[in-house]
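> Next comes the sequence, and after it the predicted model I'd like to discuss.
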Amino acid sequence: MNIKKLNIRELLELYSSIMKELMGRKIIRTSNNPVADIAEYLVSQKMHLELAINSMPGYDALDKKGARYQIKSRRITTHNKSRQLGVIRNLDQNKFDFLVGVLFDQNFNILEVYQIPIKIISTYSRFSSHQNGHILQLKGEVLKNNKVKNITGLFI
C-alpha cells in the first residue's frame, strides 16, 4: 500500500482501523490521541507496573509496593518541537508519587524517559489557570535535579 496515494477519506479510515487494532491489542485504551495511551502502555510494560482503571483520577499505574505513577508524554515532530508534557491536574492533592515523562519522536520511537518525584514538580512547573493544571517542560533545570532519574535505558 502506498499511503501517499490514499485520499483523505481513505487515510482517515486507515487511521480508524489502526486505532481499533491498537485498542484490540490493548496497546491504547481510548479513542483519543494515542500518544498518552502508548506511553502508559510502554511504561507499564517496561517498569512492570499495573495500569489503573481508565478513569482513575490522579495516577495511571501502580508498582508492586503501591507507589503511584502519573505518566505524561509528548510526541516531538518536525512541526512541533515542544517538550511540554500533558497537563498535571490537582498537583497539590498528592494523588501520585512519581511522574514518568516520556518523549517520543514523530514515529513513536522513545527519545527520553524520566522518573520525577512529585515533591519537586511544583518547583519546575507553572500553574495555568487556562488549563486548570500545572505545566512541566521536560528540559533544563528539572533534568539537572539529582532526584530526577533518567530511565531511558529501560526502554531501549
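Nice, I can see it.
> Toward the C-terminus from the helix or strand containing Val113, list the very next helix or strand.
Assigned by DSSP states H and E, Val113 belongs to strand 110-117. Using DSSP H and E, the next helix or strand after strand 110-117 towards the C-terminus is helix 118-124.
> Show the average pLDDT along whichever helix or strand comes after that next one.
Moving toward the C-terminus from helix 118-124, the next helix or strand (DSSP H and E) is strand 126-128. Mean per-residue pLDDT for strand 126-128: 97.
> From the contact counts, what lies against strand 126-128?
strand 133-135 (3 or more Cβ pairs under 8 Å, 6 or more residues apart in numbering; DSSP states H and E). All C-beta spots, glycine's among them, are computed from the backbone N, C-alpha and C.
> on that earlier part again, the strand holding Val113 pairs with which strands?
Partners of strand 110-117 in the sheet, by DSSP bridges, are strand 98-104 (antiparallel), strand 149-150 (antiparallel).
> centre of the chain versus the shortest one, how much separation?
Same thing as strand 149-150. 15 Å (Cα atoms, centre = their mean, to the nearest Å).
> contacts for that strand?
Residues outside strand 149-150 that contact it (Cβ atoms under 8 Å, 6 or more residues apart in numbering): 112-116, 143.
> The longest one too?
Identification of contacts with strand 98-104 by Cβ under 8 Å, 6+ apart yields 35, 38-39, 42-43, 47, 67-76, 83, 85, 88, 110-118, 121, 136, 138, 151.
> Show me what counts as buried in it.
Of all the residues in strand 98-104, those buried under the rule 16 or more other Cβ atoms under 10 Å are 98-104.
> now for the residues you listed, which pair is the farthest apart?
Phe98 and Phe104 (19.3 Å; Cβ to Cβ).
> show me where the protein has helices.
For the chain, the helices defined by DSSP state H cover 8-24, 34-46, 118-124, 141-144.
> could you give the mean pLDDT of the first one?
I take that to be helix 8-24. Helix 8-24 carries an average pLDDT of 90.
> what residues does that helix touch?
Helix 8-24 has contacts (Cβ under 8 Å, 6+ apart) with 3, 6, 28-29, 31, 34, 37-38.
> The shortest one too?
Outside of helix 141-144, the residues that reach it under the criterion Cβ under 8 Å, 6+ apart are 114, 116, 120, 123-124, 136, 148, 150.
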